[in-house]
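Participant: Got a predicted model here, sequence first, then my questions.
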Amino acid sequence: QLQASGGGLAQPGGSLRLSCVVSGFTFDEYTVGWFRQGPEKEREGVAYITRRGDIDYRDSVKGRFTISRDGAANTVFLQMNNLRPDDTAVYYCAATRRGGSTYLSALLYTSWGQGTLVTVSS
C-alpha cells in the first residue's frame with residue numbers, strides 16, 4: 001500500500017513537499033516513482049529512486065524537484081521548488097520490483113497510491 005500526501009495550493013515560484021508512505025511490503029526492495037496527470041493530459045513520470053539510490057527526473061523538473069527516500073520511515077519524498085502553473089496535476093507515487101530501461105515509464109509499476117492534488121496558481 002502507498003499513501004501519498006502533501007499536495008495543496010502554491011503560488012508560482014513556491015514550494016511543496018510530497019510524501020509517499022509505503023506499507024505492506026519490504027521498502028528496500030522496491031523502486032519508487034512519482035507520476036502526475038494534469039488536466040486533459042496523460043500520466044507522465046516525474047522522478048524515481050531505485051532501491052540502490054539511483055535517481056532520475058523528467059527534463060522539465062530537473063533542477064527544481066528533488067526525490068529522496070527515508071528507509072527508517074518507509075517514505076519517499078518529492079521536494080518541489082520553483083513551482084510553475086504547468087506543474088499543476090494530481091501526483092501519484094508508485095512502486096515496483098521490476099527491472100526496465102527507464103523507471104519513468106508507468107508500465108513498470110505494479111502498486112499505486114491514491115494521488116494528491118497540486119495546484120500552482122496566483
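Facilitator: Sure thing, it's come through.

Participant: nearest residue to the residue nearest to the spatial centre of the chain other than its sequence neighbours?
Facilitator: The residue lying closest to the centre of the chain (Cα atoms, centre = their mean) is Trp34, at 2.1 Å. Once flanking residues are discounted, Trp34 sits nearest to Val46: 4.4 Å by Cβ to Cβ, 6 or more residues apart in numbering. The way it works is simple: take the backbone N, C-alpha and C, and place the C-beta from them, glycine included.

Participant: again with Leu117
Facilitator: For Leu117, ignoring the flanking residues on the chain, the nearest one in space by Cβ to Cβ, 6+ apart is Gly7 at 4.7 Å.

Participant: Looks like Asn81 contacts Phe65 (just checking).
Facilitator: Yes - between Asn81 and Phe65 there is a contact at 7.2 Å, judged by Cβ atoms under 8 Å.

Participant: more neighbours, these two?
Facilitator: Set Asn81 next to Phe65 and count neighbours by other Cβ atoms under 10 Å: Phe65 wins out with 20 against 15.
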